[in-house]
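Trainee: Sharing a model prediction with you, sequence too.
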Amino acid sequence: MNTSRSLARNLQDITSRLPDYKPETLTVQQAQNIMLEYIQPICSIEKLTLRQALGRVLAADIVSPIDVPAHDNSAMDGYALRSEDLSAVQELHLEIVGTAMAGSAFTGEVGRKQCVRIMTGAVLPDACDTVVPQEFTTKVSDSEITLSVGNLRVGDNRRLKGEDLATGKVAIRKGKILTPADLGLLASLGIPEVSVQRRLRVAIFSTGNELRSVGEVLEAGCVYDSNRYTLHGMLTRMGCDVLDMGVVQDHPDSLEATMHSACENADAIITSGGVSVGDADHTRQMMERLGDVAFWSIAMRPGRPMAFGKITSSGKSAYLFGLPGNPVAVMVSFYFFAKQALQQLMGATSSPPPLLSVRSNDAIRKRPGRTEYQRGILSVGEDGEPCVSITGAQGSGILRSMSEANCMIVLPHDRGPVSAGDKVRILLFDGLI
């Protein structure tokens with residue numbers, strides 16, 4: 001465990017070590033770093049079969065019990081031969097003394113100027129160390145071939161024992177979120193089940209007297225709550241168990257009762273709304289009373305207000321992510337803050353996804369001093385090069401812009417305006433949004 005993280009007892013301990021910490025003007029990078037230093041992974045493990053383990057976090061290193069491949073074998077269909085036969089002449093005549101099939105090895109001897117017909121994956125016979133593809137040979141008879149040796153090198157088309165993975169080597173590291181390829185690798189090692197971290201339990205609710213759930217009557221001045229649906233979808237794609245606690249009215253008793261229930265039944269709580277300047281003071285006071293919570297104004301757009309910390313109830317604790325209320329701001333804040341923090345909480349080793357540099361088709365207004373996230377559509381221009389266009393108006397309440405986008409245009413803290421044709425960095429949506 002990271003020493004500085006293990007020594008940190010609360011948010012104040014962490015932020016007091018930052019000489020330029022200003023909660024009212026926090027940068028994106030500062031907020032991300034504080035979250036990752038504060039969060040401690042859960043320690044609860046279960047065993048699952050391979051078919052159940054997709055998307056789960058590996059709880060222990062997987063050490064290979066075998067060599068992969070288990071023997072030197074052929075990388076293609078052809079003829080296995082001895083490399084010492086290659087140096088004598090330019091055209092080689094070889095006697096075929098047998099056949100090696102995948103799963104049925106040739107067990108006889110291969111002498112000088114002899115070869116064995118071999119199929120892809122078949123074990124190389126003793127003394128053979130090179131394979132010539134069958135299309136590079138001429139079959140003289142059922143028992144003899146000829147080939148030109150000019151382009152053939154020693155060891156060609158041979159896969160060595162243990163080349164992919166040697167016995168005792170780590171095949172997959174602890175903390176990996178298991179992919180279909182990982183499951184195939186584990187199956188190839190003969191491993192039927194793995195230890196994984198249990199699923200993360202995340203409680204979500206929205207706050208606001210104006211919010212109505214889908215199916216309810218929409219009175220004048222009210223809106224349907226969309227945030228719980230996007231949060232539920234993103235958390236489900238992350239492999240979390242979601243506890244949807246509905247819409248909570250802006251009332252101290254209702255909000256506190258919901259917080260207590262969420263804390264006692266989940267590892268993390270994600271709220272939307274109720275953390276911006278001008279919201280009722282009871283929200284801030286209640287969160288501070290229940291635990292170790294910081295309130296930030298982050299230099300970003302959209303998604304400036306945020307609450308983060310940990311609350312306790314009846315001896316249990318849960319991490320709290322108080323996100324803004326506007327629909328786009330909720331998704332942006334989740335994507336760039338909560339996602340990696342939750343992955344760390346579930347014990348996953350992760351790093352920020354790479355940003356790609358592409359040409360902007362549009363001029364984009366931007367002032368230095370804050371990070372901005374514009375919704376974009378990545379495509380291929382007439383010159384065959386990748387380019388990105390914004391989805392139109394970028395207001396934080398325009399949910400349609402997120403539905404149409406396939407990437408986020410990331411404009412760094414210190415960058416100014418973008419002209420059409422300038423290079424910008426984009427983050428492709430990775431199936432979360």
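Mentor: Received the coordinates, thanks. Residues are numbered from 1 along each chain as shown.
Trainee: quick one: pLDDT of the residue nearest to Ile172 when sequence neighbours are not counted?
Mentor: With sequence-adjacent residues excluded and distances taken as Cβ to Cβ, 6 or more residues apart in numbering, Ile172 is closest to Ile62, at 4.4 Å. Bear in mind the C-beta positions are built from the backbone N, C-alpha and C, glycine included. If you check Ile62, the pLDDT there is 98.
Trainee: Now do the contacts for Ile62.
Mentor: Residues in contact with Ile62, defined by Cβ atoms under 8 Å, 6 or more residues apart in numbering, are 170-172, 186, 189, 191, 194.
Trainee: Write a PyMOL command that selects only the buried members of the residues you listed.
Mentor: Selecting just the buried residues from these in PyMOL takes one command, with 16 or more other Cβ atoms under 10 Å as the test:
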select buried, resi 171+172+186+189+191+194
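Trainee: So which of the contacts of Ile62 sit within strands?
Mentor: Secondary structure defined by DSSP state E assigns 170-172, 194 of these to strands.
Trainee: Now flag whichever of those residues is closest to Ala348.
Mentor: Distance from Ala348 was checked for each of the ones in strands among the contacts of Ile62 by Cβ to Cβ. The minimum falls on Ile172, at 12.6 Å.
Trainee: isn't the closest one right up against Asp182?
Mentor: Yes. Ile172 is within contact range of Asp182, at 5.8 Å (criterion: Cβ atoms under 8 Å).
Trainee: neighbours of the closest residue to Asp414 other than its chain neighbours, just the number please.
Mentor: With sequence-adjacent residues excluded and distances taken as Cβ to Cβ, 6+ apart, Asp414 is closest to Pro368, at 5.2 Å. One way to gauge burial is a neighbour count; for Pro368, by other Cβ atoms under 10 Å, it gives 11.
Trainee: Could I get the CA-only coordinates of stretch 329-344 as PDB?
Mentor: Coordinates of the C-alpha atoms in stretch 329-344 are reproduced here as PDB (Å, rounded to 0.1, in the frame of the first residue of the first chain):
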ATOM      1  CA  ALA A 329     -22.700  17.700 -15.600                       C
ATOM      2  CA  VAL A 330     -23.600  14.500 -13.700                       C
ATOM      3  CA  MET A 331     -22.200  12.300 -16.500                       C
ATOM      4  CA  VAL A 332     -19.100  14.400 -17.000                       C
ATOM      5  CA  SER A 333     -18.400  14.400 -13.200                       C
ATOM      6  CA  PHE A 334     -19.000  10.700 -13.000                       C
ATOM      7  CA  TYR A 335     -16.700  10.000 -15.900                       C
ATOM      8  CA  PHE A 336     -13.800  12.100 -14.800                       C
ATOM      9  CA  PHE A 337     -14.000  11.700 -11.100                       C
ATOM     10  CA  ALA A 338     -16.200   8.900  -9.700                       C
ATOM     11  CA  LYS A 339     -15.300   6.200 -12.300                       C
ATOM     12  CA  GLN A 340     -11.600   5.900 -11.400                       C
ATOM     13  CA  ALA A 341     -12.300   6.400  -7.700                       C
ATOM     14  CA  LEU A 342     -14.800   3.600  -7.700                       C
ATOM     15  CA  GLN A 343     -12.400   1.300  -9.600                       C
ATOM     16  CA  GLN A 344      -9.800   2.000  -6.900                       C
END
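Trainee: helix/strand/coil for the residue positioned nearest the centre of the chain?
Mentor: In the chain, the C-alpha closest to the average C-alpha coordinate belongs to Ser350, at a distance of 6.7 Å (Cα atoms, centre = their mean). Under the three-state scheme (DSSP: H, G, I helix; E, B strand; the rest coil), Ser350 adopts coil.
Trainee: Can you name the residues that contact it?
Mentor: Listed by Cβ under 8 Å, 6+ apart, the contact set of Ser350 reads 177, 340, 343-344.
Trainee: how does it look with 7 Å?
Mentor: 340, 343 (Cβ atoms under 7 Å, 6 or more residues apart in numbering).
Trainee: any idea how far it lies from Thr137?
Mentor: Relative to Thr137, Ser350 is positioned 50 Å away (Cβ to Cβ, to the nearest Å).
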